[in-house]
Each structure stands twice: as structure tokens, then as C-alpha cells.
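[1] sequence and predicted structure below; questions after.
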Amino acid sequence: MTIRPPAVAGRFYSDDPAQLTQDLRQLLSDDIDQGGEPAIDPATCGSIRGLIVPHAGYVFSGRTAGLAYRLLKPIADQISRVILVGPSHRVAFEGCAIPKAEQFSTPLGNVAIDQQGVAALMEDANIIVSDQAHQLEHSLEVHLPFLQTCLGQFTLLPIVTCDVTAEQVARMIEPLWDPHTLLVVSSDLSHFHSYSECNKIDERTCREIESGSTDISPYEACGSTGINAANYIIRAHGYHLTRLSRVNSGDTQYGDKQRVVGYVSYTICQ
């Protein structure tokens, strides 16, 4: 059995299982104020089918992600598979990459790759099999400990996007996004602007996302392909987005105000 080991444990999040468990418990709790825009009342979110969540180090975006992930606990028994879509940061290729590896590992244990889903995706001409594309990629990995904590047992269908259109990604995902499958789209917002400029850009981007736009650019969100793909499907099925929180790294105790990265979390509900 081939296992993809964690690449960013010890950097983006703790590589010690006990410390990671404690960190996640804190990030998923109700009593921490990260700053920035406050989260809305989770009770207004509706029936959750998916999430859009950031993928930076936990000290920067972990609380923003945690606000979304904590909503999964009451519905954990309804979710048996997670489609996880994120952008490639290190390897360039055409299409989308799925791994040859049969499991992904984190300090909390292993997650099995959904082989039935892999077989279905393999019929798409825009899919390649590449462990290299996944080997060092953090945009998917940082979500696994959250998912392991909130869901328990599930299988994973990890998709890294590169040179591919949002429409093509939407066509891959839609047939597999059944009622027992959670879609997780991984994306940060703008990168390396001043605090005030980041807020202006990111608020405009969020309004575009919430209007159903499928033209979000990588300048606005590094995971724009996944966001746009989700919006194609959201529009087709009459789902809706609920914004939970929008902040940036300057809102944390570890970030400065000169070169910040923006983060947002959404639920996708029917």
C-alpha cells in the first residue's frame, strides 16, 4: 500500500499528535476571537453540502477554517466521502491531478483514497495521475487534520488543479457530489498587499463570489478555479453560499500589516 506522508506537518501545523489535537480543539471552539470580520450565526447556514476554506498555516488561517469545520460535527454521520479541491503551488501541469497513493497520512493517522471515485475521474481526459503534484502540496494537506477531527471515518478524493478551466472541473465534480459527499474547496484570497488594500480587494472578491461569479481570478483568490467550479454547480442546483468570516493575516498576532494574505470561509448549503 502506497502512502503519501505529510509534507508540511511541523511547519503549517504541529507534527506532534497531542499538540495538534489540542490546537484543533482550540481552533474549533466557540470562545476565541480572531479579530477581523465576525462570524455569522451558524444556525442560518442551512443544510451543508460543502465548504470553501483557506489553507495557510494554522496560526494565520486556522481559526477561519475552524469556524467552518466545526459545523460538520452534527452531520458527521451523514458524510462518508470528501472531495477536496485545491490549487497547485509547486508543480505545473495540464488538467487536474489525482494521486497514485492509496492513503494520505497526517500525525492523526491515515485517510484512505476513494478508489471508486478515482476510477470515475480517470475517465475524464483532463485528469492525470501524479504523486509528484501531491507530494509537497499544502493546499489539500492542511485540511486533513480538521476533517479527521470533525468527521471521523471518511474516504478522500483529492484533486489538485493547474492548467484547467473551472467548467472542466465542475463537470468532473458534479456527478460525484452526492448527498453523502462533502465538497471542500481550498483557497486563500489576495496575497501580499497592505492591510487596508487587502481588505478592499478581498471584500470586493467576496461580493463577486457571493453573486455567483465564475470569473474569479488567481489574483483575487489562489484557488479561484475551485471556487468558480463550485459556483457553476451551486448555480445549477440552486444551492447558496453563507459567509462565515473574512479576515487576513494582519488580524492575527503573528502577522504584520504591510504584506498580508486574505482568508475567507463559506458554507455551501442547499
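    Now that the structure is in, tell me what you want to look at.
[2] look at Ser47 and report its pLDDT.
    Looking at Ser47, its pLDDT is 89.
[3] then the one 5 residues further on?
    At Ile52 the predicted local confidence, pLDDT, stands at 98.
[4] and it, helix, strand or coil?
    Secondary structure, DSSP: H, G, I helix; E, B strand; the rest coil: Ile52 is strand.
[5] show the pLDDT at the residue most central in space within the chain.
    In the chain, the centroid-proximal residue (CA atoms, centre = their mean) is Ser186; its distance is 2.6 Å. In this model, Ser186 is scored at 98, pLDDT.
[6] again, but for the one 5 residues further on
    Confidence at His191, expressed as pLDDT, is 95.
[7] what are the boundaries of the helices in the stretch 101-250 of the chain?
    115-121, 131-135, 138-141, 144-151, 166-173, 195-210, 224-237 (DSSP state H, counting those that start in this stretch).
[8] got these as a markdown table, with distance to Tyr254 and mean neighbour count columns?
    C-beta: built from backbone N, CA, C; applies to glycine. A markdown table is the format used below for the helices of the stretch 101-250 of the chain (distance: least, CB to CB, whole Å; neighbours: other CB atoms under 10 Å):
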| stretch | distance to Tyr254 | mean neighbour count |
| --- | --- | --- |
| helix 115-121 | 37 | 15 |
| helix 131-135 | 27 | 18 |
| helix 138-141 | 17 | 24 |
| helix 144-151 | 19 | 23 |
| helix 166-173 | 32 | 20 |
| helix 195-210 | 14 | 18 |
| helix 224-237 | 26 | 22 |
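[9] out of those, which comes closest to Val247?
    helix 195-210 (9.0 Å; CB to CB).
[10] Asn228: what's it in contact with?
    Ala166, Val169, Ser213, Thr214, Asp215, Ile216 (CB atoms under 8 Å, 6 or more residues apart in numbering).
[11] once you drop chain neighbours, what's closest to the first one?
    Counting by CB to CB, 6 or more residues apart in numbering, Ala166 lies nearest to Asn228, which is 3.4 Å off, once chain neighbours are set aside.
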